[in-house]
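In: After the sequence you'll find the predicted model.
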Amino acid sequence: MVAALAGVSRATVSRVVNNSPSVDPQRARAVRDAIAALNYVPNRAARSLASRRTQAVTLVLPESTSKVFTDPYFASVIEGIAGYLAETEYTLTMILSSESSPEKTRRYLLGGNVDGALVVSHHSGDNSWARVSGSLPVVFAGRPLVGEAGSHYVEVENESGAAAATDLLLSRGRRNIATIAGPQDMPAGIDRLTGWRRTLAGAGLDSSRVEFGDFTPASGAAAMRRLLARGAPIDGLFVASAQMAAGAYSILASHSLRIPGDVAVVGFDDDEFAAALTPALTTVHHPVTGMGARMAEKLVALIEGRPVERVTRLGTSLVLRGSA
C-alpha cells in the first residue's frame, strides 16, 4: 500500500524504512509522506525473521535484587545504557542472575531472544558469561577475570584512580594510611587495592593496614572496626567505595576520631553517598553513566558487524571536598 501510494517499488520502500542512503531524495520523500498518510509501522516480528535479529539486547546483573535496587552504581550504569539505546532501534531487557543457577539465563541468552548482552558486576566465579560470549556478542563492565583474552569490555582506570587518592593523602602529610578494599573477586576491588599498595610502596611506607568489604555501608563499618581493633595508628584512609566510606564514618565517630583532623578519608565512586556525608567525602569520580553508554555503543557495533576496539578505558578524576 505504501509503495502504491508513493508510486515506487516495494524494494524502494524497504530501503527507505531501513534508512538506506541509496534512494533518490525525491522518492524517499514520497515514501515518507505515504508512510505518514497510512500510519504505517514496520512489523518488528517480520523484520526479525528477515534479518535474523530481534532488535533487543539484555543487561545481565549477577547480583541480588536488594543490592541492585539499593546501590546507586546500578542506576547510573542503566541510565547510560538506556540513554544510548534510546537513539537506536534496540530495546533493553534486564536479568538479575546468579552463578548458583546460571542455566536459565544461559538458555535465554542463546535461545534467539536477544542480539547481544551487557554484563555488569561480574565476579571471578561467574564462568557462564565468558562461555556465552563465544556464541553471542557480549560486552562487560570491567575486564572479565575469566576468559579475558577475547572479551570486549569497558572499564575505568581503577588502579590509577586509587593511586591518585593515596597520593592526595600523602600530600596531606599522612603516613599511616589504611585501606578498606573491595571484593577481590572483582576487577574494581583488585585494581583499587593494587593502586593503593603501589603508591605506598613507592613512598616506602607500610601497606599492611588492609581490611575488606563488599562495597556496602555495613561492610565498610565492619572493616573499619577491624582496622581500629588492631591498635596500629591510622591518620589516613582510602576506601574503595563511597558506600563503604559511609560505614567507616560511623565507626570513626563512635571512637571520637575527627575527619579529617585525626583521620583524612578519600573514597571512590562520587555517588550520592559521597556528597551526603559530613564532612562531604573527597573521592575519585567514576564516570559510571558514561561507561554504560560506551558499553551499549560497543555492543551495537558488534551486533551490526562494525569494527570496534576490544577494550575501552575511561579516566577518573579527584573531587576535593572536606574529608581530606
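Out: Alright, I've got the coordinates.
In: so where's the stretch 1-150 of the chain uncertain?
Out: Applying pLDDT under 70 to the stretch 1-150 of the chain flags residues 42-52, 97-102, 123-131, 133-134, 146-149.
In: for it, what spans make up the strands?
Out: Using DSSP state E, counting those that start in this stretch, the strands of the stretch 1-150 of the chain run over 56-61, 91-96, 116-119, 138-141.
In: what are the pairing partners of the second one, and which direction each?
Out: Under the criterion DSSP bridges, strand 91-96 sits next to strand 56-61 (parallel) in its sheet.
In: Equivalent analysis for the third one, please.
Out: Strand pairing for strand 116-119, using DSSP bridges, gives strand 56-61 (parallel), strand 138-141 (parallel).
In: For Ser250, which of those strands is the nearest?
Out: Across those, Ser250 has its closest neighbour in strand 56-61 (27.8 Å, Cβ to Cβ). (Each C-beta comes from the backbone N, C-alpha and C, glycine too.)
In: CA atoms only: put that closest one into PDB for me.
Out: Output of strand 56-61 as PDB, limited to C-alpha atoms (Å, rounded to 0.1, in the frame of the first residue of the first chain):
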ATOM      1  CA  ALA A  56      16.700  -6.400  21.600                       C
ATOM      2  CA  VAL A  57      19.700  -6.600  24.000                       C
ATOM      3  CA  THR A  58      19.700  -7.700  27.600                       C
ATOM      4  CA  LEU A  59      21.500  -6.400  30.700                       C
ATOM      5  CA  VAL A  60      22.700  -9.200  33.000                       C
ATOM      6  CA  LEU A  61      23.300  -8.300  36.600                       C
END
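In: still on that earlier bit, mean neighbour count and distance to Ala324 for the strands of the stretch 1-150 of the chain - can I get that in CSV?
Out: CSV is the format used below for the strands of the stretch 1-150 of the chain (neighbours: other Cβ atoms under 10 Å; distance: least, Cβ to Cβ, whole Å):
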stretch, mean neighbour count, distance to Ala324
strand 56-61, 23, 32
strand 91-96, 16, 36
strand 116-119, 26, 34
strand 138-141, 27, 28
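In: any chance of those in a markdown table, with distance to Ala276 too?
Out: Putting the strands of the stretch 1-150 of the chain into a markdown table (distance: least, Cβ to Cβ, whole Å) gives the following:
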| stretch | distance to Ala276 |
| --- | --- |
| strand 56-61 | 24 |
| strand 91-96 | 26 |
| strand 116-119 | 29 |
| strand 138-141 | 24 |
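In: closest one to Asp235 among the strands paired with strand 116-119?
Out: Of these, nearest to Asp235 by Cβ to Cβ is strand 138-141, at 34.2 Å.
In: Could I get the contacting residues of the closest residue to Met244 other than its chain neighbours?
Out: Spatial nearest neighbour of Met244, excluding adjacent residues (Cβ to Cβ, 6 or more residues apart in numbering): Gly220 at 3.0 Å. Shown in contact with Gly220 (Cβ atoms under 8 Å, 6 or more residues apart in numbering): Ile180, Gly213, Val239, Ser241, Gln243, Met244, Ala245, Ala246, Gly247, Ala248.
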